[in-house]
Every structure is written in C-alpha cells, then in structure tokens.
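Participant: Return atomic coordinates for the entry below.
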Amino acid sequence: MFQNHNMTDCISYEQTKRFKSLFIDYIDQDPKTYPFYNLFPSMDNFKAQIENKRLNYEPGHRELVVKQLQNQYSNFKLSLSTKKNINYLLDENTFTITTGHQLNLFTGPLYTFYKIISVINSCKILNKEYSAYKFVPVFWLASEDHDFEEINFFNIHSSKFSWDKEVSGAVGEISTEGLESVFKNFKSILPKGKSADELMSLFKSTYLEHNSLSEASIFLYNYLFGEEGLIVLEPNHNNLKSTFKSFIKKEVLEKVTFESVNKTSQDLKDLNYHEQVTPREINFFYKTDNLRERIIFKDDRYYINKTDISFSKDEILFEIESNPDRFSPNSLLRPLYQEVLLPNLSYVGGAGELAYWLQLKSTFNEFDVIFPMLQMRNSVLVHSEKTRNKLEKIGRSPKELFQSEIDLKNLHTKEISEINIDFSVQKKHLEEQFKALYKLAEQTDKSFLNAVAAQETKQKNGLDKLEKRLLKAERLKLKDELNRLILLQEKLFPNGNLQERYVNFSDLYLTYGDSFKSFLLENLDPFNYKFLLIELSTSPKSIPDKFTTDCI
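Facilitator: Model prediction:
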C-alpha cells in the first residue's frame, strides 16, 4: 500500500528539455500553431466540439460499431460499466474520448497505462461537467501495424523480455504460439509473493489462453481497466472498414494525403519546426493473410510492393468496394479512419503522436471530416522516498534529473567544487580591454578592425576551452560523488530514457500491487498539461484518497 509524503511536484514540458518545439508551442498554445488544429482541449471547448462532431458524423455508424463490439466481446467477460458504455454509443448524445496504441507485449512501457488513465479520467470529468451528454473511453488497437520489432518486448528489473518469432502481415493477426518461452523467462525473475503470482497469472491468461495478439490484447486491457468502463476496439474488420470505402477510393485515385501533408510540412518548416512524418503517394497498404505491403501506382496500374499482385483502376475500385478490409491505413490515415468511425471529440496521445496529428488538419479538411481536439496524456515520473532522501543528501532534487547526464554532472560540479569554475569575470575583463582596441581600430584601416575582431573571438574561445578543461578536471576529482548522483539518475531514467518510455507496469505492480493503478485513477488530472513527479513509498498504511500538490 502507499504512504504519500505530499512531495508531489511538476515540471513544464519545456523545462524537461526532452520534447520538441512543435509540441511545446502547441501545449503552450503559441499562436504560431493555431493553423494546425481547430480547438485546444480545454474544458470550455468541448461544447463547441460536440456541436462540430454532431454535424459531421454519420449516425448510422453508431449501430455498426455497437454491433461489432458486441460480437468482438462475445467470448469475454465484461464489466457492467463497459456493457453500459457500449449501449450508450447508440445514443446521439454519447461521444467518445479515444486513445490508441500498438499491441505491445504486456502493455509495453508505462505510458500506455497513462494514456488509458487519461481517457478514463477525461470521461469522468466531462460526465460531471456536461451532464446532458455521455462520454465513454475508447482504446483503439493499432492491430494492423506490421512493425513486430517495435512491440515484441517489455522491460522489467532492467531485463528485456523479447518474443523472437518470424512473422509477417498485421500484428493483431499473429498467433500467440511461442509465448510460452517468454512466460517461463518472465516467471524465472519474479520474486515470490502475491503480486508476482498475480502477474504470472495475468500473463498466462492473456497470452497462453488466446489465439491471436489482438484477442490477447483485448483480454489484457479489459482485465486491467474494464471496471472503469473502458471499451477496447479492434478496428480490423470488414464491416467497420465498409464505412471507409469512399475515403479509400479518394486517397487511392487522388493522392489527397500526399499533397495536403506535404503542404503542411512545408508550412511547419517555414516556422522552423521539424517535419514529423513523410507521406507516400498512396497511404494505404494492401493486406491479406501474412501480407501487408504498400500500394504503388506506376504506368497506370496499382502494384502491391514485393508481390506479383497488380490492379487496373477499375479493378482496384472493385476490390475496395468488395473487400475494404484488405486496405489498411498507414499512420497518417489511421487517425482519419478512427474519426470517421467513432463519435469522437478528443484524441489522447503522447507528444510524438500529437506532433504528427498536427500535420493532418489539412488532410481532414480535404476529406471533409472534423478534426478532433488533441489532448496530451498524463506524464508521470514515480520515485520513492528513499531516492528523494539520497538526492537531498547530495543537494539535488528529482526535477534536476531530467537534464542530460553531462549537464547534471556539470551543474553539481560547479556547486560543490571549492574552485569557482566560472570565467565570467575574465570574459567581461577581456571585453573591456577590446573596447579600447576597437576605438583605436576606428582611427585606422579596416583590416586592423577585422584583426581585432578575430583576436577577440580567438581569446574568448580560449577562455571557453580553459573553463571546460577546468570543469573536466574537477569532475575527475569529484567522480565518486558524481557517480552516486548518476546512479540515482539512471534508476529513474533507465538508459537515459524517460521512465514512462522504458519501465513496464509490472515493476511498480510488484511493489504496490493493484493499488498503484487505483491511485493513478484517483489522482491524475488529464487536463493539467504538466509533467508530474510523484513520490511514493511502501507502508502498512492504507492508500490515501488524494495526494496534495501545488502543481497547477
């Protein structure tokens, strides 16, 4: 159980120095980013988004989605909350808040947890604020991806557990055969205890008792979050793809996304933002059993990459009409499919996801689909009282660990060194000396002025080098204390990564059990767009209902 010491803190995304400028400017609502989205996900803006979506959503899709969900869940045990939420979808006053992710093994990194908790808590808040409507949380399985190497592992206790298997095609259709070896390896490193037994049971029930990775993932997320009413949606079905046929045809024939995203990318570059993703001429894959390959148009025919399959224009239009499930959207068009299919208001994602969504507004406009609000998921760094105490003895705080290893070493070295490692006084003195030389240079030939400027630059660079050499020498002298500091940083930032991008929920479950999830559900505010730092420690005391924080 938890004992919280009210040490909860936060840091802005910009202060972490770990996020790109486009995302930082978006979350700060910089006017430069306004052309790339419609409405920012503030509480007041949901009313306008509801009206926008109501006018732009095909009501017949509700019944289709509900029917598919009922069929999908027919062999699963559902909570009353999820059953109610599925039925609510039939009502025109019900809307979704959606997140999604790849089918990572055993949920993958912690941020998947935070994404789901963000949509669940968003719906709880919205149901209170807008009582005339219903809001239900949806987790969209990215089951059509084919990048198996991105999902076939998870990390726990600094160990990586990988599922080595030769596969092809959509990952959701992959057989779970072969996961017995991963289970055995996982079991071998777990300590004895109730939480470890629960984790082993969950892994076994998820992967050894379901046939495909999609089925296993539906079971896993339903088990973890079903009581909160989460709806897990597997979108890779022919009847759901039938809602998307006209969009597939338009993309295949007119290359809509290629032109619109390239135009937006240039607009972003003009504002000194990096391009997030590069579109292809046709942003669909052709998918059959064990196959998911690009569609390439050349010489008036549509070829399927790395195969002998090809279509004329009439043939591919007939194929789209007859078998829309064979046309799989890539990362640029999956968002469009989601928004066409669901009565969705907001997409909850990570910084990287939101950055590529910001390239898509013009594409949505071309397809005449309302663009959703883009909501940053909760970001969390969990640390212990013990770690904080160790940091305090060294004179550092958890916030400072976000910086790079070398910057952290330099910061600490300058503060604890008996030598003043700051040549600012010398640099200022140098500048004063050169002011007199510049006055002298004004009275003679221009070449002398250039020589003075060159000499000033050379001497300033020399002082910079000396300062760095001195800093390096002091780091060596203080290496024992610096090593203790870096070991603490590595504990919270494994391999230099944000904790949430590396650690699996199992690590925290072993310490805190299911209380960790309950604690996050109770306390994380999905509309507080800051990076949260939470200090927790094990204790026989029961978990508090709320932590207190000044993080606003």
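
Participant: I'd assumed residue 372 was in contact with residue 46.
Facilitator: No: under the criterion of C-beta atoms under 8 Å, residue 46 makes no contact with residue 372, lying 11.2 Å away. For the C-beta atoms, the positions are set from N, CA and C on the backbone; glycine is no exception.

Participant: Can you pull the residues that touch both of those two?
Facilitator: The contact sets of residue 46 and residue 372 overlap at 345-346 (C-beta atoms under 8 Å, 6 or more residues apart in numbering).

Participant: Look at the two and report which has more neighbours.
Facilitator: More crowded of residue 46 and residue 372, by other C-beta atoms under 10 Å: residue 372, with 28 against 23.

Participant: For that one, which non-adjacent residue is closest in space?
Facilitator: With C-beta to C-beta, 6 or more residues apart in numbering as the criterion, residue 372 has its nearest non-adjacent residue at 4.9 Å, and that residue is residue 347.

Participant: How many residues are close by the one you found?
Facilitator: So residue 347, with other C-beta under 10 Å, has 26 neighbours.

Participant: what does residue 336 give?
Facilitator: Residue 336: 23 neighbours (other C-beta under 10 Å).

Participant: would you list every one of the strands in the stretch 351-500 of the chain?
Facilitator: 373-376, 379-384 (DSSP state E, counting those that start in this stretch).

Participant: Now tabulate the ones you listed in TSV and tack on distance to residue 514, mean neighbour count and mean pLDDT.
Facilitator: Formatted as TSV, these follow (distance: least, C-beta to C-beta, whole Å; neighbours: other C-beta atoms under 10 Å; pLDDT from 0 to 100):
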stretch	distance to residue 514	mean neighbour count	mean pLDDT
strand 373-376	26	24	98
strand 379-384	15	21	95
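
Participant: check contacts around the residue positioned nearest the centre of the chain.
Facilitator: When C-alpha atoms, centre = their mean is applied to the chain, the residue found nearest the centroid is residue 350 (2.8 Å). Counting by C-beta under 8 Å, 6+ apart, residue 350 touches 111, 115, 376-377.

Participant: Let's have those in TSV, adding distance to residue 286.
Facilitator: As requested, these are arranged in TSV below (distance: C-beta to C-beta, whole Å):
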residue	distance to residue 286
111	31
115	29
376	34
377	32
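
Participant: Which of the residues you listed sits closest to residue 56?
Facilitator: Nearest to residue 56 among the contacts of residue 350: residue 376, at 23.7 Å, using C-beta to C-beta.

Participant: That closest one and residue 349 touch, don't they?
Facilitator: Yes: here residue 376 reaches residue 349: they are 7.4 Å apart, a contact under C-beta under 8 Å.

Participant: Near the residue lying closest to residue 230 once chain neighbours are set aside, how many residues? Count them for me, please.
Facilitator: Closest residue to residue 230 apart from its sequence neighbours, by C-beta to C-beta, 6+ apart: residue 137 at 5.2 Å. Number of residues near residue 137 (other C-beta under 10 Å) recorded here: 27.

Participant: quick one: residue 137 is in a strand?
Facilitator: Yes: the assignment for residue 137 by DSSP: H, G, I helix; E, B strand; the rest coil puts it in a strand.

Participant: show me what contacts it?
Facilitator: Residues in contact with residue 137 (C-beta under 8 Å, 6+ apart) are 85, 96-99, 116, 119-120, 122-123, 228-231.

Participant: Which of those residues fall within strands?
Facilitator: Of the contacts of residue 137, the ones assigned to strands by DSSP state E are 96-99, 231.

Participant: Out of those, which comes closest to residue 258?
Facilitator: residue 98 (25.5 Å).

Participant: Buried residues of the lengthiest helix in the chain, list them for me.
Facilitator: In the chain, assigned by DSSP state H, the helix with the most residues is helix 446-477. Neighbour-count burial for helix 446-477 flags 449, 452, 456, 460, 467, 470-471, 474-475 (criterion: 16 or more other C-beta atoms under 10 Å).

Participant: looking at the strands of the stretch 351-500 of the chain, which is closest to residue 241?
Facilitator: Comparing those by C-beta to C-beta, strand 373-376 comes nearest, at 24.6 Å.

Participant: quick one: secondary structure of residue 518?
Facilitator: helix.

Participant: And for it, the neighbour number?
Facilitator: Neighbours of residue 518 (other C-beta under 10 Å): 13.

Participant: From residue 528, how far out is it?
Facilitator: Using C-beta to C-beta, to the nearest Å, residue 518 is found at 19 Å from residue 528.

Participant: Same question for residue 288.
Facilitator: Residue 288 is 45 Å from residue 528, by C-beta to C-beta.

Participant: Can I take it that residue 10 is in a helix?
Facilitator: No: the assignment for residue 10 is strand, going by three-state DSSP, so no helix is present there.

Participant: Isn't it up against residue 533?
Facilitator: Yes: between residue 10 and residue 533 there is a contact at 6.4 Å, judged by C-beta under 8 Å.

Participant: who's more crowded, those two?
Facilitator: The neighbour comparison of residue 10 against residue 533 (other C-beta under 10 Å) goes to residue 533, with 24 against 20.

Participant: okay, the angle between the helix or strand containing that one and strand 379-384?
Facilitator: Following DSSP states H and E, one finds residue 533 within strand 531-538. Calculated by axes from the mean of the first three to the mean of the last three C-alpha atoms, to 10 degrees, strand 531-538 forms an angle of 30 degrees with strand 379-384.
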